[in-house]
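K.L.:
next come a sequence and a model predicted from it.
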Amino acid sequence: MAITTETVEYVAHLARIDLNPQESQILAGQLKDILDFIDTLAKVQIKDIPPTSHILPINNILRPDALRDSLPLASTFVNAPQKEGSFFVVPKVIE
């Protein structure tokens with residue numbers, strides 16, 4: 001897709017961006033390079049590649065989901081600045 005300086009100037013006008021002619025020319029070239037790269041990516045065959053594939057051999061390290069006891073309330077509230085019963089007291093953030 002060809003991006004002309006006129007297209008860049010039109011979009012800049014819509015966005016209320018003031019560009020001088022040199023900036024319009026530079027931006028048109030950069031946008032053309034980006035669109036050419038996207039066209040190149042569109043030609044890549046990805047039909048047989050699973051959507052969760054990754055370039056690096058990354059695996060999640062998951063611990064077993066085992067039932068454990070909860071923390072005792074005394075150790076849960078040891079560093080709490082304020083508590084009320086079995087709840088933390090925090091400042092109101094909604095008006």
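P.N.:
Great, that's in hand.

K.L.:
how confident was the prediction at the residue in the chain sticking out farthest from the centre?
P.N.:
For the chain, the residue at maximal distance from the C-alpha centroid (CA atoms, centre = their mean) is Gly85, at 39.9 Å. We note a pLDDT of 89 for Gly85 in this prediction.

K.L.:
pull the CA coordinates from the worst-scoring helix or strand of the chain on mean pLDDT and hand them back as PDB.
P.N.:
Confidence across the helices and strands of the chain bottoms out at helix 73-76, with a mean of 88, counting by mean pLDDT, DSSP states H and E. The C-alpha coordinates for helix 73-76 follow below in PDB (Å, rounded to 0.1, in the frame of the first residue of the first chain):
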ATOM      1  CA  LEU A  73      -5.300 -14.900  62.000                       C
ATOM      2  CA  ALA A  74      -2.600 -13.900  64.500                       C
ATOM      3  CA  SER A  75       0.200 -14.200  62.000                       C
ATOM      4  CA  THR A  76      -2.000 -12.700  59.200                       C
END
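
K.L.:
who's in contact with that helix?
P.N.:
The contact list for helix 73-76 (CB atoms under 8 Å, 6 or more residues apart in numbering) reads Ser86. Where C-beta positions appear, they are placed from N, C-alpha and C, glycine not excepted.

K.L.:
partner strands of the helix or strand just after that helix, parallel or antiparallel?
P.N.:
Towards the C-terminus, the helix or strand next in line after helix 73-76, according to DSSP states H and E, is strand 83-84. Strand partners for strand 83-84, identified by DSSP bridges, are recorded as strand 87-88 (antiparallel).

K.L.:
contacts for the partner strand?
P.N.:
Counting contacts by CB under 8 Å, 6+ apart, the residues outside strand 87-88 that touch it are 77, 80, 82.

K.L.:
which one of the residues you listed has the most neighbours?
P.N.:
Ranked by neighbour count (other CB atoms under 10 Å), the contacts of strand 87-88 have Phe77 at the top, with 15 neighbours.
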